[in-house]
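K.L.:
Any chance you can model this:
(chains A and B)
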2 protein chains.
Amino acid sequence: MRQIGIGIAGLGTVGAGVYKHLAQNRALLTERVGAELVVRRAVVRDVNKPRVAGPPPGELTTRWQDLIDDPAVDIVVELMGGIDEPLALINAAIDAGKVVVTGNKALLAEHGREIFARAAGKKVPVFFEASTAGGIPIIKTIREALIANHIVSIHGIINGTSNYILTRMTDAGLDFSTALAEAQAQGYAEADPTLDINGWDAAHKAIILASLAYGFWVETGNIFVEGIDKLTATDIRFAGELGYRVKLLAIIKADAGPENGGGVEVRVHPTLIPKTHVLASVSGVFNAVRVCGDVVGETLFYGRGAGQDPTASAVISDLAEAAVALNGERRCYGFTPHGLYGTCRPLEGIRSRYYLRLAVDDRPGVLAQVAGILGHNEIGISSVVQPETHDEAGRAQLVLMLDRASHRQMQTALDEILRLGCVMPPAALLRVESFGAE
Amino acid sequence: MRQIGIGIAGLGTVGAGVYKHLAQNRALLTERVGAELVVRRAVVRDVNKPRVAGPPPGELTTRWQDLIDDPAVDIVVELMGGIDEPLALINAAIDAGKVVVTGNKALLAEHGREIFARAAGKKVPVFFEASTAGGIPIIKTIREALIANHIVSIHGIINGTSNYILTRMTDAGLDFSTALAEAQAQGYAEADPTLDINGWDAAHKAIILASLAYGFWVETGNIFVEGIDKLTATDIRFAGELGYRVKLLAIIKADAGPENGGGVEVRVHPTLIPKTHVLASVSGVFNAVRVCGDVVGETLFYGRGAGQDPTASAVISDLAEAAVALNGERRCYGFTPHGLYGTCRPLEGIRSRYYLRLAVDDRPGVLAQVAGILGHNEIGISSVVQPETHDEAGRAQLVLMLDRASHRQMQTALDEILRLGCVMPPAALLRVESFGAE
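P.N.:
Numbers count the residues shown, from 1 in each chain, chains lettered A, B, ... in the order given. Now for the predicted structure:
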């Protein structure tokens, strides 16, 4: 199996997450990628600092130049933060022909034009899925999945800190500074939250999305940016009374008629959106991006926008793409079989909760008989409702919500129930799904 | 510019859509792909039938073998429907080393294992984004964007016909056959709706998603499938009273503890889901797929699942991937600049609706002065509210919802308003977005 060497610059939250998940899901990734992703070297500020996840001390260095000089490093992952050092590292990596993966939105927003011009000149791929809405693959989606489309508009909730603060201001009536303090206490806002609350973190991401969608690198001076830092609880409340929720929205549009002078508009600001729109229900630190294309129509993508794990997922997907680029050929010809999961579970063993409706004789004792059969089949009853409605034959309706049971248990019990003289077939048996709450 | 030759088998709804959008967005696609996608030949049943969109008659044929024999056809797009002929075509295309694009979910569900084994043997890519949830790039997302993840679960609303029928049964209290007839009249159900209402259309898609997620091709005999055809309005109503909505859900899980015997479960059936869950609000012919990964957490993808345009968007994204595979190298090194859109629109010309709150003296005539200034700046007022609340200084709050105006108009008007003696700065000015309703 071919090995692909990775050098990580920065073992902070995201870098450590990338290292951890590369290790934990190694077998699966190797099967899917067709090559083994191996971290060869990592750049840190202090090689002696104790770490939960990371390479052995011998593979740590404080000099990013070591990633460039190491011929065993095929891919450079830039997760340092800041501008000048990352820019120097990425330029050096491109010049050395090493594939680049970065999550640095501020760097791309300010220097994307020159970085990608250099990358094209050297024919070196640069990947940056982690730069925007970590858990949502919006870069790949706009660049590849929606390639057939003129992008009509993009509306994004792409700053989790702001969305958390706005959610708390809306739901709990908190004022801005109280909600910010709460976000900091919860770890959803940094000690210095400036770029989150003044709108520029979202603006950097909007610049990246707009540039991908429209093919020219958007300059920071050409966009309108307003943060949530001057927003009052009063206006959120008044907006609510008028049927709106206030969200920090990145808005990108090219739907301008001639009356608007053509061109593309890019702006980030607190925005009133109708409460009934699905974006209004995106709460807390979640992100969502709505994209309208002239062919595909309306699409929407939802997930966690930041945090160690979702961002690591994005970085690793870029590493897999980088590995494909390095392999020179696409190993996946549509579907990669492997034996890591085995087979389908037999139907009989599949467990779920159930809704069971029975048409029963309207007399005492019926529920006891039904409950008795469920009981000796070890199926719990979570609630019973007997609606007023009767069917055409005058039978009562008995509705039971049942606890988790296997298909086999449920079928056995149902067969017995339908043999009761007081129950009229057919029964209505539906499954219930609570999304992880079970 | 290199040309990539395409042969389309089938010029029905989707095939005609692919042809139409390839033509309409040709300039954009050529820039993005780095090659020109050219339809060289199309297979139809009747070459003399009049067509709205399609190649000239000289490029039409009734024999799919002509696509295989034509050396100018690099990519074979299979949109014929059915099983036997498409299978023969795809096998022949793979053997001839032509890249395959198909949207045939039934074919993949039944013969995916052998098709992909053949493709891997010949190193020929097979793309099938259009097979599942047309407008949602869920194949690419699971295969590439979430590659770092063990997929914990997938919950999909992936049959638009069923979802339309269930939406109408729920919202209008219709019974199944009335809702089905309505769906047929609206063009949302086919004349023979069997595979939609018995669950097997969704099951074919679930097989594709499960196979991608878990690396073994799921057999149709191993999954539990129940359609909506026996569902009653009564049970939908009772479920509603209990706090649930009924959706036809494809459920794919590998979260089984040892008590469940391990393995993967795949099932499709009407399912009660909590009304508060975002999937419960996916209405009409829209599709949505929720994917949980062990690294990324919860994600959700929403869009149109069928229809000419969304499906064409998926097919064309596959054609672009196929072109990259044929070019042998990835032309896109992260970002492809082009000049099709020009530049950013200046802020002054950006138009939107506004929410404006002013702190004003609580006396008659104030609204007239404010309205006068807005009027001579040609800004319409859509509503005015004067909440009971007063601020600390005893001033009244005046809240105005304003019609669309440019940034320049609004700033000019606001400057004038804030110079009124009866208005106390600062004003709260927020923008309003209604998603296409404006």
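K.L.:
so where's chain A shaky on pLDDT?
P.N.:
Counting by pLDDT under 70, chain A contains low-confidence ranges at A:255-262, A:328-332, A:437-438.
K.L.:
show me where it has helices.
P.N.:
A:13-24, A:26-33, A:65-69, A:84-95, A:105-122, A:138-140, A:160-172, A:176-185, A:194-197, A:200-214, A:233-241, A:308-327, A:366-376, A:407-418 (DSSP state H).
K.L.:
Include distance to chain B when you put those helices into JSON lines, please.
P.N.:
Backbone N, C-alpha and C define where each C-beta goes, glycine included. Shown next, in JSON lines, are the helices of chain A (distance: least, CB to the nearest CB, whole Å):
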{"stretch": "helix A:13-24", "distance to chain B": "5"}
{"stretch": "helix A:26-33", "distance to chain B": "5"}
{"stretch": "helix A:65-69", "distance to chain B": "18"}
{"stretch": "helix A:84-95", "distance to chain B": "9"}
{"stretch": "helix A:105-122", "distance to chain B": "4"}
{"stretch": "helix A:138-140", "distance to chain B": "5"}
{"stretch": "helix A:160-172", "distance to chain B": "12"}
{"stretch": "helix A:176-185", "distance to chain B": "13"}
{"stretch": "helix A:194-197", "distance to chain B": "16"}
{"stretch": "helix A:200-214", "distance to chain B": "4"}
{"stretch": "helix A:233-241", "distance to chain B": "5"}
{"stretch": "helix A:308-327", "distance to chain B": "3"}
{"stretch": "helix A:366-376", "distance to chain B": "16"}
{"stretch": "helix A:407-418", "distance to chain B": "7"}
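K.L.:
Save these as a markdown table, and put in mean neighbour count too.
P.N.:
Formatted as a markdown table, the helices of chain A follow (neighbours: other CB atoms under 10 Å in any protein chain shown):
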| stretch | mean neighbour count |
| --- | --- |
| helix A:13-24 | 21 |
| helix A:26-33 | 18 |
| helix A:65-69 | 17 |
| helix A:84-95 | 19 |
| helix A:105-122 | 20 |
| helix A:138-140 | 26 |
| helix A:160-172 | 22 |
| helix A:176-185 | 17 |
| helix A:194-197 | 20 |
| helix A:200-214 | 26 |
| helix A:233-241 | 18 |
| helix A:308-327 | 24 |
| helix A:366-376 | 16 |
| helix A:407-418 | 18 |
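K.L.:
Take these and write them to a markdown table, including distance to B:T343.
P.N.:
Shown next, in a markdown table, are the helices of chain A (distance: least, CB to CB, whole Å):
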| stretch | distance to B:T343 |
| --- | --- |
| helix A:13-24 | 33 |
| helix A:26-33 | 39 |
| helix A:65-69 | 36 |
| helix A:84-95 | 24 |
| helix A:105-122 | 13 |
| helix A:138-140 | 22 |
| helix A:160-172 | 28 |
| helix A:176-185 | 35 |
| helix A:194-197 | 25 |
| helix A:200-214 | 9 |
| helix A:233-241 | 33 |
| helix A:308-327 | 29 |
| helix A:366-376 | 69 |
| helix A:407-418 | 60 |
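K.L.:
Ok, which of the ones you listed comes nearest B:A280?
P.N.:
helix A:160-172 (19.9 Å; CB to CB).
K.L.:
returning to that earlier point: A:I251: which of the helices of chain A is closest?
P.N.:
Of the helices of chain A, nearest to A:I251 by CB to CB is helix A:200-214, at 8.0 Å.
K.L.:
Now do the closest one: distance to the chain's middle.
P.N.:
17 Å (CA atoms, centre = their mean, to the nearest Å).
K.L.:
so that helix versus helix A:105-122, what angle?
P.N.:
Orientation note: helix A:200-214 sits at an angle of 30 degrees relative to helix A:105-122 (axes from the mean of the first three to the mean of the last three CA atoms, to 10 degrees).
K.L.:
Please work out the angle formed by the directions of helix A:200-214 and helix A:160-172.
P.N.:
120 degrees.
K.L.:
Which residue ranges make up each domain of chain A?
P.N.:
A:3-134+A:311-327, A:145-304, A:347-432 (automatic domain parsing).
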